[in-house]
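# model the following, please.
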Amino acid sequence: MNLLLLGKGKTGSLVAQVARERGHQVRALGSIDNPGGAALGRENLQGVDVVIDFTTPKAVVENIAACAHAGTSMVVGTTGWYGELPRIRELVEKSGIGFLYASNFSVGVNVFFDVAQAAAAALGQGYSGAIEERHHAQKKDKPSGTAAVLQKILKEKSGVELEITSVREGDIVGTHILTLRSAGDTITLAHEAHSRRGFAEGAVRAAEWLAGKKGFFDFKDVWRGM
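Coordinates of the predicted model:
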């Protein structure tokens, strides 16, 4: 596949490395190369199978709009823009492109989501709960997209919206902890990323899955087929 990567940060650079290891052609653009999505016109995207975005919450919406206008499919790993989700879904569906996003492309995190969904039953049996997420000091959005998805999963299953505590310090890759407490015991579920490689591998696998498809998807669609 011919991939265009938006974002040259730590995760973006690893996505490029993993994609090349899996036999794909990769070109990368940083923020200076693509102000306001200006580099994402039809001519520049000719021959690109999928654009992968790991930029910033501020840049990603313009990038999505530009790719939709150009008719180029897109995988988005950037978080912090989900308030725009209804508008973006409508834009994608009108454009006829393939679009796939995720708060987290890690297989382990998606297993964590499945376990948390089952554990949500405790919130209807006298347990209280809380979510804590820890990330590196440079992370722009707070709370993390992963924590927000976890909160949504638990609310949909139990009707209870748990508070999220966010910590930004050092070079923490990403840690998410769900704690459920009762008078008799405590249940703790945690996922700790040791490196960004799991995110990168998941993003590339998502691009491979999306190739040739049209529609609006999230990583659960890929995960179900694994």
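# domain parsing for the protein?
Domain ranges of the chain: 2-105+197-224, 107-192, per automatic domain parsing.
# roughly how far does the nearest residue in space to residue 94 that is not next to it in sequence sit from residue 95?
Nearest residue to residue 94, sequence neighbours excluded (CB to CB, 6 or more residues apart in numbering): residue 68, at 7.7 Å. Yep, even glycine has a C-beta here, placed from its N, CA and C like the rest. Distance of residue 68 to residue 95, given as CB to CB, to the nearest Å: 4 Å.
# ok, and what's touching the helix or strand residue 117 falls within?
Per DSSP states H and E, residue 117 falls inside helix 107-119. Helix 107-119 is contacted from outside by 104, 146, 149-150, 153-154, 157, 176, 178, 180, 187, 189, 191, 193, 198, 202, 219-220, 223, 226, using CB atoms under 8 Å, 6 or more residues apart in numbering.
# drop anything exposed from these.
For these, a neighbour count by 16 or more other CB atoms under 10 Å gives the buried set as 104, 146, 149-150, 153-154, 157, 176, 178, 180, 189, 191, 193, 198, 202, 219, 223.
# need the residues touching each of residue 68 and residue 95.
Overlap of the contact sets of residue 68 and residue 95 (by CB under 8 Å, 6+ apart) is empty.
# what helices and strands are in contact with the helix or strand of the chain with the lowest mean pLDDT?
Across the helices and strands of the chain, mean pLDDT, DSSP states H and E gives its lowest value to helix 219-224, namely a mean of 86. Counting contacts by 3 or more CB pairs under 8 Å, 6 or more residues apart in numbering; DSSP states H and E, helix 219-224 packs against strand 98-101, helix 107-119, helix 197-210.
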